[in-house]
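Engineer: pasting the sequence and the predicted model now:
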Amino acid sequence: MEGLNEQQLEAVTHRDNPLLILAGAGSGKTRVITTRIAYLIDQFGFDPSSILAVTFTNKAAAEMSERVHAMIPDAYGVMIKTFHSFGSWMLRRNAPLLGMKSHFTIYDDDDVISLLKTIFADAPRNELRRYSKDISRAKDDCLTPDDDLHTINPDPDFREIYRSYEKKLREIGNADFGDLISLPVRLLRENEELKKRIQQKFRVILVDEYQDSNGAQFQLLKELSGPDTWLAVVGDDDQSIYRFRGAEVKNILTFGESFLKTKVIKLEENYRSTGNILSIASSVVSNNSGRLGKTLWTRKGEGSKAKVYFTENQISEVQLCGENIIANGNFMSTAILYRTNAQSREFESTFRKMGIPYKLVGTLSFYSREEIKDTVAFLSFLSNTKDEVAFRRIVNKPSRGLGRVSQEKIYRELMSHSGDLLEASAAALKSMKGKGAKGLKEFCDTCNLLIKDLGSVDNLSPFVDRVIRESGLLEFHRAQDEIDHSQKVRNLEELVTAADQYQGGLNGLSEFLELIELDQTVLEQEENDPDRVTLITMHNTKGLEFDRVFITGLEEGLFPRGDDDTDEEEIEEERRLFYVSITRAKKELFFTSTRRRMLYGRTEDRFPSRFLEELPEEFVDTEGEVSSASGEYKPGTRIYHEDYGVGVINKNLFNNGHTVLHAIFESGRTAVLMPEFCAHKIEKLGMEEW
C-alpha cells in the first residue's frame, strides 16, 4: 500500500458496510480495487475463493487478476470475471434447476437471428435483426414476455414474437447472452437455498466500472449481496457514456438508496493530466445535473493553456491539426478525437498527403468499411461492366431475390457477351421468372440509367449520391443503423463529400476509384510503423491517455449530436463524453470547430458547440473567427419576412460562395433566401414576438 493517497488508503482498508468508490479519471482506481482484494486476504484473512470481482471486459479482468497475483501469489482462488462469464459459470452449475443441461451452447447475435428465422421463415432478415436487438434489450432489463414491453418495442406483436423465441430457445436448451445475466437473477429469486449458498460462498463482492452496468446486472448484484456481504463498487458517474448499449447511470447515482449505510469515498487526485486540463474538465461536467459531484486536482502543476481553433472548413481544420503535429513531432503520443467515424476520412486523406503516419483505433480505415466497399463496388461496376468481383458483391445487395441458381444463369451467358455482365444479365432475364427476374430487371435498368447519367454530370459528388440512393444501399444501411446504432449512413454521406473533388464523367470516376485503391495500398505498407498518430472516436478513447489530444468537430449537430429539441439526458451523456475526451490529455489539449462543413456533398454553415461556451476563459486561448457572417441565421431562428410573413429557418447552407437559407412559414409556404440580397426584408424575432 506504499504510495497510496489518503482517500485510496481509506477505500482499500474500508470494512463491511457497502462502499461506493467514486473514482475520477486518472485517479488510480484499478490500483485501489486490486490492492483492496490483496488487503482483504492478507489483513482480514478472507479465503481467496470467497472473493468475487466482476468487470466488463476480458482484458480488464486479466489485468486485475495479474495485479492481484503479483501482490498475493496465493490468491489464485479469487474469482475475477466479466459479468457474463460469471453468469455462465453460475448457470452451468445450476442449469438443472431451470430444466436445462449444463453443457448448453451460448448463442451470439447471428445465432439468435437464425433461430428467429426458423420460427418466422417469411420475415426479412433485417426485421429479425431488429427483433433480436429488442429481445436483447428486454433481457438487459430483466423483462420477460409477460412484463410491460412498451418502452422496448411498442409493436403489439412483439410480446408474442418474444414469447415464441423464448419457447423455442428453452426447447432447444441453449442460452443467449442476455440469459447469462437474466437467468441467474431468476435462479436466485426462485431458489432461496441456492441464494443462501451463493451469498455464503462469496462474502466479498467488488465491481469495477460500475457506471457501465445495466438493469439486469444491477438486479444480479442485488440478489448476490446478502446482509453480511462486503460489497464495494468502483465507478465514475461522469464517465457513463454507453447509454446506447443499455448502461444505466442511475445505478451509480442511486447506489446509496439501493444499498443502505453506503460509505462514499471520492478519488479526486489525478495522476495523468495538468491542472489546467483538469480545471476545464471539472468546469464542463459541472453543467450536468445528474451527477454525484467531485472536482479533480493534481500535483503536476498548471501546465499550458488549452487552445480553441475556429477554422474555415473541415479541410483547414485537418491541415491545422497536421501542421501542429509536424511542428511538434511525437506522433505516437498524439491523438485526434472525433464524434463519428465518418470524420476520419478527411484526416486519413490529408495526413497521407502531409506524410503524417497514423493508425485507426476501433474501426476499419474509411475505404475498408462495408458500406463504403459496397458503394465503391457499384461505382466500379458502372465504370467497367466486366468487373465480376464488383458484380458479385452488389448484384444481390440489398436482396433482389438473386440467389446462387439465378446468378449461375447470368455467368453462363458471359462467353456469349464478351464477359459483359450487364449484357449477360439482360440475356439471362429471358429464362428467368418470379422475384429473381423482377429484381434483376430493376438492377439492369438502374445500372443503364446511371451509366447514361454519368456522362452528363459536371461533378462526381451528386452522381455518387444518386448511386447510393438508387442502388438501394442507402435504405439498406440506414436500416442497419437503426438496429445497431452504427454510423453507416454518415459514412456514405462522407463518401459523397469525398467525391466532390472530382469532375464528372468516366474519367473523373476512374480517378476517384484509383485514389481509393492507392489509399488502401499505402495504408497496408504503413501498418508496421509504431510511431503513428492515433485517429479514434471519442467513445473508443475510454481508458487511454496521450500527451497531446485534439478534440475536433465541435459544432452543434455534430457534437453534441441532435438539435435544440434533443432530450436533456442525451445532452448530459454527450457532455460526459466531452469530459472523457478532455481527460485523455496529459499535457496539451486542443479544440477545433469549423465555420462551414461539407456534408453529403453540400457545404453548410456550422455553429460552435454549446460545450465551447462552457470552457472557462482563464484556461484557454482562442484563435480564428468564432462565426460566419450568416451565423445570425442559425437553424431554428424565428424570422419575419416582408413577403412571406412569420417563419423559421430550417437549413443554413453555403453554395458557390453564397449563404442560402431554407425557411418554412406559418402559411405553409417554403422559401429559399439569400441574405446578402434580401437582408432588408428579413427581421429576426425574439420569443415574445413569436
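Structural biologist: Thanks, I have it.

Engineer: what's near enough to touch Asp111?
Structural biologist: Contacts here follow CB atoms under 8 Å, 6 or more residues apart in numbering; on that basis Asp111 touches Asp176. For the C-beta atoms, the positions are set from N, CA and C on the backbone; glycine is no exception.

Engineer: helix, strand or coil for it?
Structural biologist: Here Asp111 is helix, with the state taken from DSSP: H, G, I helix; E, B strand; the rest coil.

Engineer: where's it relative to Leu360, distance?
Structural biologist: As defined by CB to CB, to the nearest Å, Asp111 lies at a distance of 29 Å from Leu360.

Engineer: my guess is Gly87 contacts Leu220. True?
Structural biologist: Yes: under the criterion of CB atoms under 8 Å, Gly87 is in contact with Leu220, at a separation of 7.2 Å.

Engineer: list the residues that contact both of the two?
Structural biologist: Taking CB under 8 Å, 6+ apart as the contact criterion, the residues that touch both Gly87 and Leu220 are Ile181, Pro184.

Engineer: ok, now how distant is Glu442 from Lys452?
Structural biologist: Going from Glu442 to Lys452 by CB to CB gives 16 Å.

Engineer: more crowded one of the two?
Structural biologist: For Glu442 against Lys452, the residue with the higher neighbour count under other CB atoms under 10 Å is Glu442, and the figures read 13 against 9.

Engineer: in a strand, that's where the more buried one is, yeah?
Structural biologist: No: checked against three-state DSSP, Glu442 lies outside a strand; its state is helix.

Engineer: name the nearest residue to it, ignoring sequence neighbours.
Structural biologist: The spatially closest residue to Glu442, leaving aside those adjacent along the chain, is Arg400, at 6.9 Å (CB to CB, 6 or more residues apart in numbering).

Engineer: contacting residues around that neighbour?
Structural biologist: Each residue near Arg400 by CB under 8 Å, 6+ apart is listed here: Lys435, Gly436, Lys438, Gly439, Leu440, Glu442, Phe443.

Engineer: report how many residues lie close to the last one.
Structural biologist: Neighbourhood size, Phe443 [other CB under 10 Å]: 20.

Engineer: moving C-terminal of the helix or strand of the chain with the lowest mean pLDDT, what's the next helix or strand?
Structural biologist: The helix or strand with the lowest mean pLDDT-type score in the chain, counting by mean pLDDT, DSSP states H and E, is helix 505-526 (a mean of 75). On the C-terminal side of helix 505-526, the nearest following helix or strand under DSSP states H and E is strand 533-537.

Engineer: just to revisit the earlier point, among the contacts of Arg400, which one has the most neighbours?
Structural biologist: Neighbour counts for those, by other CB under 10 Å, peak at Leu440, which reaches 24 neighbours.

Engineer: doesn't Ala428 make contact with it?
Structural biologist: Yes: if you go by CB under 8 Å, Leu440 and Ala428 touch, sitting 7.1 Å apart.

Engineer: now do the shared contacts for these two.
Structural biologist: Taking CB under 8 Å, 6+ apart as the contact rule, Leu440 and Ala428 both touch Ser406, Ile410.

Engineer: before we move on, back to that, and the residue nearest to Glu442, how far is that from Lys441?
Structural biologist: Computed with CB to CB, the distance linking Arg400 and Lys441 is 9 Å.

Engineer: repeat for Lys409
Structural biologist: From Lys409 across to Lys441, the span is 13 Å (CB to CB).

Engineer: okay, the two: which has more neighbours?
Structural biologist: Applying other CB under 10 Å to Lys409 and Lys441 shows that Lys409 carries more neighbours, namely 19 against 15.

Engineer: which SSE is immediately downstream of the helix or strand hosting Phe677?
Structural biologist: With the criterion set as DSSP H and E, the secondary-structure element containing Phe677 is helix 675-678. Following helix 675-678 in sequence order, the next helix or strand is strand 682-684 (DSSP H and E).

Engineer: gap between that next one and the chain center?
Structural biologist: Offset of strand 682-684 from its chain centre (CA atoms, centre = their mean, to the nearest Å): 39 Å.

Engineer: residue numbering should commence at 873 henceforth.
Structural biologist: Got it, first residue is 873 now, which makes that one strand 1554-1556.
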